[in-house]
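> quick check, what structure comes out for this input:
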Amino acid sequence: MRIGINLLFLVAGRGGGIERHARGLMRGLAEIGAEHELVLFTNRDCRGTFALAANMREVASDVPATFRPAKLLYEQLVLPFRLDDIDVLLSPGNLAPAVHRCPSAVIIHDLIPYRRPEMFDPVERLALKLLFQVSARRSDKILTVSRSSKQDIAQLLGVPEDKIAVVAGAPDEQFRPVPVSAEALARAGLPARYILYVAAGRQYKNVDGLVRAFEQLKDRYRIPHSLVITGLAGRASPELERLIRTLGVRDVVFSGFLDDSLLPLLYSAADVFVYPSFYEGFGLPVLEAMACGTPVAASNRTSLPEAVGDAGLLFDPDNVDEMAGAIHRLVDDRDLRARLVAKGLERAKQFTWRETAKRTLAALTELA
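Residues are numbered from 1 along each chain as shown. I've put the predicted structure just below:
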């Protein structure tokens, strides 16, 4: 079977959780699907960034993913005519061609244009909603990453539930506990003790709420920790800087975007990992932290309880007192920390890219 993979949405190093999912899935498919050929359709911004296995080949285009109108036009009007020898097409980046010459599946990770419409201007919001609708209805199969997202897709896009399959992502193999030393922390520019947040800085990620909770941790509980904010939110927005100045919060560190090779150390050295989002399609950083032996406190909204299971503490992201209390329990209670670290390590092992690829391949084989 010849599987086409529509990677026209990727911008190498800037795709966050969706990029991690796509690249992890490619590794898994290459590993378990040796009898199948994988044809990667890439753009100017990510071509040449995949280590091609023997059963993979890349068909590169010069379309820039960073200019969304050009990427969308190419995806809808040009890509369908490059699928003559493809048995089934997989689009792992939320959107898919409306017209295709072979069976087609799309991975819809979340419905942010519907759930958090304030993130987009009116024209962009309308266009994205239309594209999500068309992608969902024209694709023969929809894969998604959580039961929460499946419910959203069924309700908001009007798709029958039996057309949607849940196939979760996984932490990469590099995420495991690593030795932590003062020298290693100094080289990475990290403080000796810290609470960690890794994600984008969008409003629904609730970084403001986390800063307010950290202010309580410093003033009420007198913890000696810093708050390290990194990932795509590694640089403070003017609004966030104003909030920090207004609250007079001490010890907030913006590390900037760190290389992937440093992330296992970043997680392993943290006393607590916090994920305070109002909305998530899945929440892969939660599993990355668990795989590194870091206790997790996370929001109780949307998909995050599915990711956390019983291996972390959940809190109401609207309740700053509750968030601060959950973090303090993990800082202060050694027995609780030890129990949740052990549970987290075991939970993270339940998610592998090999299993993600196996279930994805089963869906594609059924379509083809």
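> which residues of this protein fall in helices?
Assigned by DSSP state H, the chain shows helices spanning 16-32, 68-77, 112-115, 122-138, 147-157, 182-188, 207-219, 238-247, 263-269, 284-291, 304-308, 320-332, 334-349, 353-367.
> let me know which of those helices is the nearest to residue 167.
helix 353-367 (4.7 Å; C-beta to C-beta). Using the backbone N, CA and C atoms, a C-beta is placed for each residue, glycine as well.
> can you list the buried residues in the closest one?
353, 356-361, 363-364, 367 (16 or more other C-beta atoms under 10 Å).
> can you tell me which of these is nearest residue 229?
For the buried residues of helix 353-367, the nearest to residue 229 is residue 353 (27.3 Å; C-beta to C-beta).
> can you tell me how far that closest one sits from residue 80?
Noted for residue 353: a distance of 28 Å to residue 80, by C-beta to C-beta, to the nearest Å.
> show me the one of the helices of the chain that comes nearest residue 229.
That would be helix 207-219 among the helices of the chain, by C-beta to C-beta, at 6.8 Å.
> so, low pLDDT: which residues of the stretch 151-300 of the chain?
201, 231-236 (pLDDT under 70).
> and stretch 42-60, average pLDDT?
Averaged across stretch 42-60, pLDDT comes to 92.
> show me which residues of it are buried.
So stretch 42-60, judged by 16+ other C-beta under 10 Å, has buried residues 42-47, 50, 56, 58.
> out of those residues, list just those in strands.
With DSSP state E as the criterion, strands contain 42, 56, 58 from among those.
> before we move on, back to that, out of the buried residues of stretch 42-60, which comes closest to residue 272?
After measuring those against residue 272 - C-beta to C-beta - the closest member comes out as residue 46, at 33.7 Å.
> skipping its backbone neighbours, what lies nearest that closest one in space?
residue 10 (4.0 Å; C-beta to C-beta, 6 or more residues apart in numbering).
> quick one on the thing from earlier: could I get the helices of the chain in CSV, plus columns for distance to residue 196?
Supplementary listing: the helices of the chain in CSV, determined by distance: least, C-beta to C-beta, whole Å:
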stretch, distance to residue 196
helix 16-32, 16
helix 68-77, 31
helix 112-115, 24
helix 122-138, 31
helix 147-157, 24
helix 182-188, 12
helix 207-219, 10
helix 238-247, 16
helix 263-269, 7
helix 284-291, 7
helix 304-308, 16
helix 320-332, 11
helix 334-349, 14
helix 353-367, 23
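> any idea which of these is most buried?
helix 284-291 (a mean of 28; mean count of other C-beta atoms under 10 Å).
> list of residues touching that helix?
For helix 284-291, contacts defined as C-beta atoms under 8 Å, 6 or more residues apart in numbering pick out 17, 20-21, 169-172, 175-176, 196, 198-199, 231, 263, 267, 270, 273, 275, 296, 298, 304, 307-308, 311-312, 344-345, 347-349, 351.
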